[in-house]
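Participant: show me the folded form of this:
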Amino acid sequence: MSHTVVTTTTTTTGTSSDGFLNLGYTRSIPGLLKIGQMVALLIAFLCVHCARGWPSWAAFQFFHVVTLWFLIAFLIFFLTHLFRLQSKIPCINWALTEFMHYGVGTVLVFIASIVAAVKSWGVSALVAGSVFGFIATFLLAVSLWTSYQVTCGAHQTGAAV
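Facilitator: Down below sits the predicted model:
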């Protein structure tokens, strides 16, 4: 009896998404949404921060806090995806954490934008800040919907019916 041994060698080449950075995430729909949210929140924050003559100081401080908090939170989420930290820190349920931040962020940014729009009294920078707050609210709602489908959507069980 003769035996034949077959040896195969597999060679893989690395791409830019296989290295330290996940650059493919920046071109994906969730990555582009997150970049859009951060840009809209940054512009909203800067419009209100640079405005002179605030008609209602407390309302715009609330707007400041909400936009800055969620800007930092979504920047952290963006960096975790970019540097692939969610696979290195498995003790956190990242999908659920992002879903909860999107939910709370959508509601609070929407409330802050309504308050800013009502209290702006014709100051153009404050009106622009509230408009970008509404844009950020829309982008957060889209991300909330897409992350809901990932986190809480219908799952296949494998059972035949």
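Participant: so which helix or strand of the chain has the lowest pLDDT on average?
Facilitator: helix 85-88 (a mean of 88; mean pLDDT, DSSP states H and E).
Participant: tell me the helices and strands packed up against the helix or strand following that helix.
Facilitator: From helix 85-88 onward toward the C-terminus, using DSSP states H and E, the following helix or strand is helix 94-119. Applying 3 or more CB pairs under 8 Å, 6 or more residues apart in numbering; DSSP states H and E, we find helix 94-119 packed against helix 29-50, helix 57-82, helix 124-152. From N, CA and C alone the C-beta is placed, and that goes for glycine too.
Participant: tell me the mean pLDDT for helix 94-119?
Facilitator: For helix 94-119, the mean pLDDT works out to 94.
Participant: in it, what's buried?
Facilitator: Using 16 or more other CB atoms under 10 Å as the test for burial, helix 94-119 gives 94, 97-99, 101-102, 104-106, 108-110, 112-113, 115-117, 119.
Participant: who touches Trp54 in this structure?
Facilitator: Contacts of Trp54 were listed using CB atoms under 8 Å, 6 or more residues apart in numbering, and they are Phe60, Val123, Leu126.
Participant: by neighbour count, which of these wins?
Facilitator: Neighbour counts for the contacts of Trp54 (other CB atoms under 10 Å) peak at Leu126, which has 25 neighbours.
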